[in-house]
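Novice: Fold the following, please.
(one chain, ligands or ions: 2)
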Amino acid sequence: MSEMYTCEICGKPTPNFKPWTCGPIAGKLGRSWCDDCEEKFEREHAWENEQWHQEEITCPWCGYVDIDSWEFEGEYDDKYECPRCEKPFILERVVDITYTSKRRIEDMPEGWEGE
Ligand SMILES: [Zn+2]
Ligand SMILES: [Zn+2]
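Specialist: Numbers count the residues shown, from 1 in each chain. Ligands and ions are numbered 1, 2, ... in the order given. Modelled structure (predicted):
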């Protein structure tokens, strides 16, 4: 009997298991998606034609690059229209967040003289 897994998306049993190439993530060794969900995911992704982290607004329909991107003030717009082909698309403004951390000076041990 071959091993069965549970599809993480729809919960159906599936023999599919794809191990992560870079080791366990959040305690999991890989992902189990049934063929249906896998296909749906790929289809949706191909459909979305996501323009990932472009510096300018790029139309996923015609590829038009809106050089006036800086005029877009909102965070999210699901009815943005391409100025060239006039087709709507979802626009999300991505703001990169970084973290800087340091120890608090008041937690410094007495008599600390450097590492
Ligand atoms: Zn599934
Ligand atoms: Zn367009």
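
Novice: what pLDDT, on average, does stretch 19-32 get?
Specialist: If you average the pLDDT over stretch 19-32, you get 84.

Novice: any residue of that stretch up close to ligand 1?
Specialist: No: Stretch 19-32 lies out of reach of ligand 1 by CB under 5 Å from the ion, never closer than 8.6 Å. Every residue, glycine included, has its C-beta placed from N, CA and C.

Novice: could I get that stretch in CSV with only the CA atoms?
Specialist: What follows is stretch 19-32, C-alpha atoms only, in CSV (Å, rounded to 0.1, in the frame of the first residue of the first chain):
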residue,chain,number,x,y,z
PRO,A,19,9.3,17.7,-0.2
TRP,A,20,10.7,21.2,0.2
THR,A,21,14.2,21.4,-1.3
CYS,A,22,15.5,23.5,1.6
GLY,A,23,14.5,21.4,4.5
PRO,A,24,11.5,21.6,6.9
ILE,A,25,9.5,24.9,7.0
ALA,A,26,7.4,25.5,10.1
GLY,A,27,7.8,21.8,11.1
LYS,A,28,6.6,20.5,7.7
LEU,A,29,8.8,18.6,5.4
GLY,A,30,6.9,19.3,2.2
ARG,A,31,3.5,19.9,0.8
SER,A,32,0.6,17.6,-0.1
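
Novice: who touches it?
Specialist: Tyr5, Thr6, Cys7, Glu8, Thr14, Asn16, Phe17, Lys18 (CB atoms under 8 Å, 6 or more residues apart in numbering).

Novice: CSV please, covering the residues you listed and showing secondary structure, distance to ligand 2 and neighbour count.
Specialist: Shown next, in CSV, are the contacts of stretch 19-32 (DSSP: H, G, I helix; E, B strand; the rest coil; distance: CB to the ion, whole Å; neighbours: other CB atoms under 10 Å):
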residue, secondary structure, distance to ligand 2, neighbour count
Tyr5, strand, 41, 17
Thr6, strand, 41, 12
Cys7, coil, 36, 18
Glu8, coil, 35, 13
Thr14, strand, 38, 20
Asn16, coil, 37, 16
Phe17, coil, 40, 13
Lys18, strand, 35, 12
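
Novice: Nothing else from me, thank you.
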